[in-house]
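[1] next input, structure requested:
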Amino acid sequence: MSSNSAETVKVAIRCRPLNSKEKSDGRDTIVDMDMKIGQVILKNPKGDPGEPPKTFTFDSVFDPTIPQREVYDSIARPIVNSVMDGYNGTIFAYGQTGTGKTHTMEGAPTPDLQGIIPSSFDHVFETVNSSVDKQWMVRASYIEIYNEEVRDLLSKDPKNKLELKEHKDSGVYVKGLNIFVVKSVPELKNVLEVGKKNRSVGATQMNQDSSRSHSIFSITIETIESGASSQGHIRMGKLNLVDLAGSERQSKTGATGDRLKEGIKINLSLTALGNVISALVDSKTGHVPYRDSKLTRLLQDSLGGNTKTVMVANLGPADWNYDETLSTLRYANRAKNIKNKPRINEDPKDAMLREFQEEIANLKAQLAKSDSSQDSSRPTSGVKEEVVERIVTVPKALDHAFLEQMRQELEAQMRLELSAKSENAKLTEAEIEQVKREAAERAKQEAARLESERLRMEEEAAKIQRKQKKIQDEMAKRAQDAEQIRAEKEALAKRLKAMESKILKGDERGGLAEVTKKKEAELKRREEELERRRAMEAKKANEIAALEEAQLAAEEKYSSKHEEADQKTKKLKKLWKKFQEVNVEVEDMYKEFQREKEDLLESVRMLQDQMQLKDMVIEAFIPPEEVQKVMKRAHWDEDREVWVLERLSDVGRRDVAVPGSSRRPVSASGQRRPTSDFAKMASAMGDMNPRFKSENILNLELDLPERTTYDYEGPGVDPRVQAAINAAFAD
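    Down below sits the predicted model:
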């Protein structure tokens, strides 16, 4: 069941150690941490000796000795577990440039030093592999916001700008973003490495590998119960891992040119993020300025929406970063008051797992259909299909020699028969003539019979040949159909295998599920113990405050005027101390406001300088009428947040629609061209001055003005230089 209860943004503070440059410069550490009660103590290096340090309390604090794994288990693991259950989760790192945000989020490529992002990869697939009766789909995308331009770091053209769109159901999304289905930890890490190669980084005096853009690595996880008791509901959680670019000051970074422009854009977007946080915390503010920046629009759900959010604020401990550290702590202190309303995303409309399941079922049905059709085309079981070839011998055609030989044989046979019947051994001429006639007649009849038999055999042989050819054609077609069905079946099987490989299933191989459950139970026990300790510390702090109040109330009963004066003096000192702390706090906030104001004014001044330079170039090289044409065509696109130029055809249609606009005069009757009233009157008064070239009988040459310029003659090349150039080309 989904939960609509509100919860605040969790804020953790992490302080890095002094770097080599700070150590060589002899910088002091001004940040102390009490990890038991989640307190950060900041000392002002330029303050008075009696000035108390500033204290801030957060959900978690980590000093430089805390390893990466403990940071992940404390703040990131609960968020990832919630995402696996169907919630949206966001973890983002904030802080000054060079304070270790990228180290916290990405870390180094070793198990002990890997950051939150690669550790979440292991966590996600550990949960997937240890699950029982569940199907999963994991997708990943990687974008950056560089100079207020949204870019896809996984695209073939990572410099291409993408547009932000908004849907009533899914919220703000990036149009045309590449999202890849991943099946293992190495595939996720490969996606991360490909995106990191395309990310914008640069060197400043504070950081050699400074991130010049905000990056968001998103993992979308869909799951469905596959057991007998499941109801088929899909849950989809989205994990946003955000590495913000660091706020910076030009005086410390020494940035110029493109680096300075990048820094201004980064500071403006972070200022917009701060304004959103302030508006969310202030109950009197009705409008939240999400649209002031691309970053705040993309994080709109993470700040005050349907997301469990954790903010990791990174600090620098050196005394020369006091102002930036104080600003970061105030920023984080405001953020912890933001309230989100996370809920489980059940059966979302944009879930791909359902589409993949339907596609897999469709492919299985097609395979089953192809198998059944192939089985039906085969002969009945137990009957072996055989092709019998019948050899037919066709008699040769009867020639004259064969007929003569047959007549002679018949004649000899008839003579023998006749001699055996008659008593005389010698036949008479008449008998011999009769034998010859009968032999010729019988030979003729036999030849006719043999010829008819030959024709019949030829016809039968032709029928058999036609039948055999038909059988061969049918067998060839059947073989071709079978080959085509086999190829289609193989293609369907490959597609089915590819689709099924994208849907992950839990497995209990080697007791992995049991081991993971034990680890999860141990981590949950540690988290509960930590929460219990924090609750006890908070309870003790409240009890101490209540006792102090009770003591002050009890001290209001005095036995003498002297005791009353002493107690009121002590109370006045405490109140005076609090008053001084509040005054210092107000003064610090005013100074911080002034610094931010100066930074914004400096950005405005630089933009004004650039605008004046461009105006000067336009005025010097572009005619004013062309500038007016461009300004007339230009209009502001609210969705894309850019200026666009209308097509000339659209401008023409718009001009025609304007009432009172000038139109081409209508041609007068009897005139070759549109003619004004003045021209008509002049023609009537006898003015024959030709107005068009086709009517002009004179061709006048142009009167060229006297030349006032000279041909440019550059300085000659020094002979030694010319000799060196000739020698270089000769080699």
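
[2] what are the boundaries of the helices in the stretch 101-250 of the chain?
    Secondary structure of the stretch 101-250 of the chain (DSSP state H, counting those that start in this stretch): helices at 101-105, 116-130, 185-198, 250-253.

[3] of all these, which lies closest to residue 444?
    helix 185-198 (93.4 Å; CB to CB). Where you see a C-beta, it was placed from the backbone N, CA and C, and this is true even at glycine.

[4] winner for burial among the helices of the stretch 101-250 of the chain?
    helix 101-105 (a mean of 24; mean count of other CB atoms under 10 Å).

[5] which strands or helices does that helix pack on?
    strand 89-95, helix 116-130, strand 234-243, strand 308-315 (3 or more CB pairs under 8 Å, 6 or more residues apart in numbering; DSSP states H and E).

[6] would CSV of the ones you listed with mean pLDDT and distance to residue 10 be doable?
    Output for the helices and strands packed on helix 101-105, formatted as CSV (pLDDT from 0 to 100; distance: least, CB to CB, whole Å):
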stretch, mean pLDDT, distance to residue 10
strand 89-95, 90, 9
helix 116-130, 89, 13
strand 234-243, 89, 14
strand 308-315, 92, 5
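
[7] just put the ones you listed in CSV and tack on distance to residue 483.
    What follows is the helices and strands packed on helix 101-105, written out as CSV (distance: least, CB to CB, whole Å):
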stretch, distance to residue 483
strand 89-95, 52
helix 116-130, 40
strand 234-243, 40
strand 308-315, 56
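
[8] looking at those, which is nearest to residue 298?
    Once these are compared by CB to CB, strand 234-243 is nearest, at 8.3 Å.

[9] tilt between the closest one and strand 89-95?
    10 degrees (axes from the mean of the first three to the mean of the last three CA atoms, to 10 degrees).

[10] show me what counts as buried in stretch 570-585.
    residue 584 (16 or more other CB atoms under 10 Å).

[11] hey, C-alpha coordinates of it in PDB?
    C-alpha atoms of stretch 570-585 as PDB (Å, rounded to 0.1, in the frame of the first residue of the first chain):
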ATOM      1  CA  LYS A 570      22.800  35.800  35.900                       C
ATOM      2  CA  LYS A 571      19.600  35.600  33.900                       C
ATOM      3  CA  LEU A 572      20.400  38.900  32.200                       C
ATOM      4  CA  LYS A 573      23.800  37.700  31.300                       C
ATOM      5  CA  LYS A 574      22.400  34.600  29.700                       C
ATOM      6  CA  LEU A 575      19.800  36.600  27.800                       C
ATOM      7  CA  TRP A 576      22.500  39.100  26.800                       C
ATOM      8  CA  LYS A 577      24.700  36.300  25.500                       C
ATOM      9  CA  LYS A 578      21.800  34.900  23.400                       C
ATOM     10  CA  PHE A 579      21.100  38.400  22.200                       C
ATOM     11  CA  GLN A 580      24.700  38.800  21.100                       C
ATOM     12  CA  GLU A 581      24.600  35.400  19.300                       C
ATOM     13  CA  VAL A 582      21.400  36.500  17.500                       C
ATOM     14  CA  ASN A 583      23.000  39.800  16.500                       C
ATOM     15  CA  VAL A 584      26.100  38.000  15.200                       C
ATOM     16  CA  GLU A 585      23.800  35.600  13.300                       C
END
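
[12] still on that earlier bit, which one of the helices and strands packed on helix 101-105 lies closest to residue 718?
    Going by CB to CB, the one of the helices and strands packed on helix 101-105 nearest residue 718 is strand 234-243, 55.2 Å.

[13] show me how far stretch 562-571 is from its chain's centre.
    68 Å (CA atoms, centre = their mean, to the nearest Å).

[14] let me see the mean pLDDT of it.
    In this model, stretch 562-571 carries a mean pLDDT of 79.

[15] follow-up on the earlier one: mind putting the helices of the stretch 101-250 of the chain into a markdown table with distance to residue 287?
    Shown next, in a markdown table, are the helices of the stretch 101-250 of the chain (distance: least, CB to CB, whole Å):
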| stretch | distance to residue 287 |
| --- | --- |
| helix 101-105 | 29 |
| helix 116-130 | 33 |
| helix 185-198 | 34 |
| helix 250-253 | 31 |
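
[16] so for residue 450, which of the ones you listed sits nearest?
    Closest among those, using CB to CB: helix 185-198, at 83.5 Å.

[17] can you name the residues that contact residue 122?
    residue 185 (CB atoms under 8 Å, 6 or more residues apart in numbering).

[18] and it, how far is that from residue 115?
    Residue 122 is 12 Å from residue 115, where distance means CB to CB, to the nearest Å.

[19] out of the helices of the stretch 101-250 of the chain, which gets nearest to residue 602?
    Once those are compared by CB to CB, helix 250-253 is nearest, at 7.6 Å.

[20] now the residue lying closest to residue 596 once chain neighbours are set aside. Its backbone dihedrals?
    Nearest non-adjacent residue to residue 596, counting by CB to CB, 6 or more residues apart in numbering: residue 271, 6.9 Å away. Phi and psi for residue 271, reported as degrees, to the nearest 10, are phi -60, psi -40.

[21] hang on, isn't residue 313 packed against residue 334?
    No. Judged on CB atoms under 8 Å, residue 313 makes no contact with residue 334 at a distance of 11.0 Å.

[22] the two: who's more crowded?
    residue 313 (28 against 17; other CB atoms under 10 Å).

[23] nearest residue to the more buried one other than its sequence neighbours?
    Closest to residue 313 by CB to CB, 6+ apart is residue 332, at 4.0 Å.

[24] that neighbour: what secondary structure?
    Following DSSP: H, G, I helix; E, B strand; the rest coil, we place residue 332 in the helix state.

[25] contacting residues around it?
    By CB under 8 Å, 6+ apart, the contact set of residue 332 is 11, 13, 56, 58, 94, 311, 313.

[26] gap between the first one and residue 705?
    The reference is to residue 11. Noted for residue 11: a distance of 77 Å to residue 705, by CB to CB.

[27] what about the two, which has more around it?
    The neighbour comparison of residue 11 against residue 705 (other CB under 10 Å) goes to residue 11, with 28 against 6.
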